[in-house]
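Enquirer: Sequence and predicted structure, then a few things I'm wondering about:
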Amino acid sequence: MRGSAVLNVDIRFCEASDLPELLELNALSPYPWSESVIRADFSEALRPLSYLGAFSFLDDRLLGYAVLGTEAKEALLMNLNVQSDFRRRGVGLQLVAAVAECATALGFSNLALRVRESNMPALALYCLLGFRRTGTALHYYSNGESALLLSAELPLEIPSLE
């Protein structure tokens, strides 16, 4: 990886106790999810999505998270968010790898996602991991920007972090 040294993190499923940090990190995103949607995802009665967090080994701080959802035939990477100070240090790659591993364990053979056309850093990461463009969702986002539809066969080939 180019840039700063790779940072190894502790990847684990987020729990309700992680919600304050997760909401704080979500609020820093240029395109945050609704707080009420995230809170609903953590309700006891309904848990439609799985949140995986990347936590610092030093102080157990949440450095990033990814959200795994499922549809009939494929797993979906619904969201990926890494604190700006920890981008380009392998945190996002480790989160996508963890999502892919979970999807594989659940029996899925494909991982799909939608990404803003303008999000070049994310597109570079997904291409590195073997995602291929499968289509475009025109005017998908609330600001009118289109989404690129990407998909990769599981298991993913994860490049070395060194």
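Expert: Perfect, I can see it now.
Enquirer: Pull out the buried residues from the lengthiest helix in the chain.
Expert: The longest helix of the chain (DSSP state H) is helix 91-105. Of the residues in helix 91-105, 91-103 count as buried by neighbour count, 16 or more other CB atoms under 10 Å. All C-beta spots, glycine's among them, are computed from the backbone N, C-alpha and C.
Enquirer: Strands along the protein, start to end?
Expert: Assigned by DSSP state E, the chain shows strands spanning 10-13, 50-55, 62-70, 75-82, 110-116, 132-137, 147-153.
Enquirer: Name the nearest of the buried residues of helix 91-105 relative to residue 161.
Expert: Residue 161 lies nearest to residue 93 out of the buried residues of helix 91-105, by CB to CB, at 6.7 Å.
Enquirer: Could you find the closest non-adjacent residue to residue 152?
Expert: Leaving aside its chain neighbours, residue 152 sits nearest to residue 131 (4.4 Å; criterion: CB to CB, 6 or more residues apart in numbering).
Enquirer: I should have written residue 156 there, sorry.
Expert: Residue 156 sits nearest to residue 100 (CB to CB, 6+ apart), 4.3 Å away.
Enquirer: got it, and residue 12?
Expert: That would be residue 53: by CB to CB, 6+ apart, it lies 6.2 Å from residue 12.
Enquirer: Next: residue 57.
Expert: Leaving aside its sequence neighbours, residue 57 sits nearest to residue 10 (CB to CB, 6+ apart; 5.7 Å).
Enquirer: Return the distance of the lowest-mean-pLDDT helix or strand in the chain from the chain's centre.
Expert: None of the helices or strands of the chain scores lower by mean pLDDT, DSSP states H and E than helix 35-41, at a mean of 91. Once both centres are worked out by CA atoms, centre = their mean, to the nearest Å, helix 35-41 turns out to sit 16 Å from its chain's centre.
Enquirer: Great, nothing more from me.
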